[in-house]
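Participant: Could you work out the structure for the sequence below:
(one chain, ligands or ions: 2)
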Amino acid sequence: MAIENRKVTVTVNGQERSAEVEPRKLLVHYLRDDLGLTGTHIGCDTSQCGACTIMVNGAAVKSCTMLAVQADKSELTTVEGLGTIDHLHPMQQSFWEEHGLQCGYCTPGVMMAMIGLLQENPNPSEEEIREGMEGVICRCTGYQFIVSAVQKAAKIMAEAAAKDGEAVAASQLVGEGTHRG
Ligand code: FES
Ligand code: FES
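Facilitator: Ligands and ions are numbered 1, 2, ... in the order given. Now for the predicted structure:
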């Protein structure tokens, strides 16, 4: 008996997208083949390399470890949603400036995994960054430049968060002033 396709709808990089898929289809194949988001790479299909890492509802996930149907109604971010040519995400900017890549095959997944790491630990030590990379494999760089890139991204993101905090505090003061006035 043929197994019926299922409609899978996700919000990916801020846009709602849908496709009919076989229930056995992996999320990474749904992204690449059905939605055309080929920035997410496949290095192994057996959850070893991390090239397929994306954000699912805000957490870094290897998209070859999930079925597309399991992601139905989820919020996804892929590398295409990180930044633009004019406004790179701090992680992209740092990889560029620190030469954190050579062939680039692992890079989308490594960046997503490292964004996940910084969400949990905004100021990781070198050792913690190396531990965080245990689930991702790079065959070219020897990892040192990736570590430097992640350290730089952490610094940029911390400075941006501090500025945002100051702006919020200032707007609250303005708000308080208005109430008092
Ligand atoms: S393709 Fe998913 S971990 Fe390698
Ligand atoms: S840059 Fe080539 S695999 Fe990482």
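Participant: Now the residue nearest to the spatial centre of the chain: closest residue in space, sequence neighbours ignored.
Facilitator: In the chain, the centroid-proximal residue (C-alpha atoms, centre = their mean) is residue 112; its distance is 2.9 Å. Spatial nearest neighbour of residue 112, excluding adjacent residues (C-beta to C-beta, 6 or more residues apart in numbering): residue 53 at 4.3 Å. C-beta: built from backbone N, CA, C; applies to glycine.
Participant: How many residues are close by that neighbour?
Facilitator: Number of residues near residue 53 (other C-beta atoms under 10 Å) recorded here: 30.
Participant: Report the contact partners of it.
Facilitator: When contacts are counted by C-beta atoms under 8 Å, 6 or more residues apart in numbering, residue 53 touches 40, 60-63, 108-110, 112-113, 116, 135-136.
Participant: could you say which helix or strand contains the residue nearest to the centre of the chain?
Facilitator: helix 107-120 (DSSP states H and E).
Participant: Which pLDDT value goes with the residue nearest to the centre of the chain?
Facilitator: Here, the pLDDT recorded for residue 112 equals 98.
Participant: Check residue 179 too.
Facilitator: On the pLDDT scale, residue 179 gets 47.
Participant: again with residue 53
Facilitator: 98.
Participant: ditto for residue 166
Facilitator: pLDDT at residue 166 comes out at 81.
Participant: ok, now the one 3 residues further on?
Facilitator: Residue-level confidence at residue 169 comes out at 78, pLDDT.
Participant: Name whatever forms a beta bridge with residue 10.
Facilitator: Listed beta-bridge partners, residue 10: residue 17 (assigned using DSSP bridges).
Participant: wait, doesn't it sit right on residue 66?
Facilitator: No: applying C-beta atoms under 8 Å as the test, residue 10 and residue 66 come out as separate, 11.3 Å apart.
Participant: Please say which of the two ends up with more neighbours.
Facilitator: Neighbour totals were compared for residue 10 and residue 66, and residue 10 leads with 22 against 18 (other C-beta under 10 Å).
Participant: Just the residues contacting stretch 88-101, thanks.
Facilitator: 82-83, 107, 110-111, 114-115, 118, 140-141, 145-146, 148-150, 152-153, 156-157, 160.
Participant: could you give the mean pLDDT of that stretch?
Facilitator: In this model, stretch 88-101 has an average pLDDT of 97.
Participant: before we move on, back to that, check contacts around the residue nearest to the centre of the chain.
Facilitator: 53-55, 60, 77-79.
Participant: So which of those are in helices?
Facilitator: Assigned to helices by DSSP state H, none of those qualify.
Participant: Check which helices and strands the top helix by length along the chain sits against.
Facilitator: Using DSSP H, we find that the single longest helix of the chain is helix 144-180. Taking 3 or more C-beta pairs under 8 Å, 6 or more residues apart in numbering; DSSP states H and E as contact, the helices and strands that helix 144-180 lies on are helix 90-97, helix 107-120, helix 126-132.
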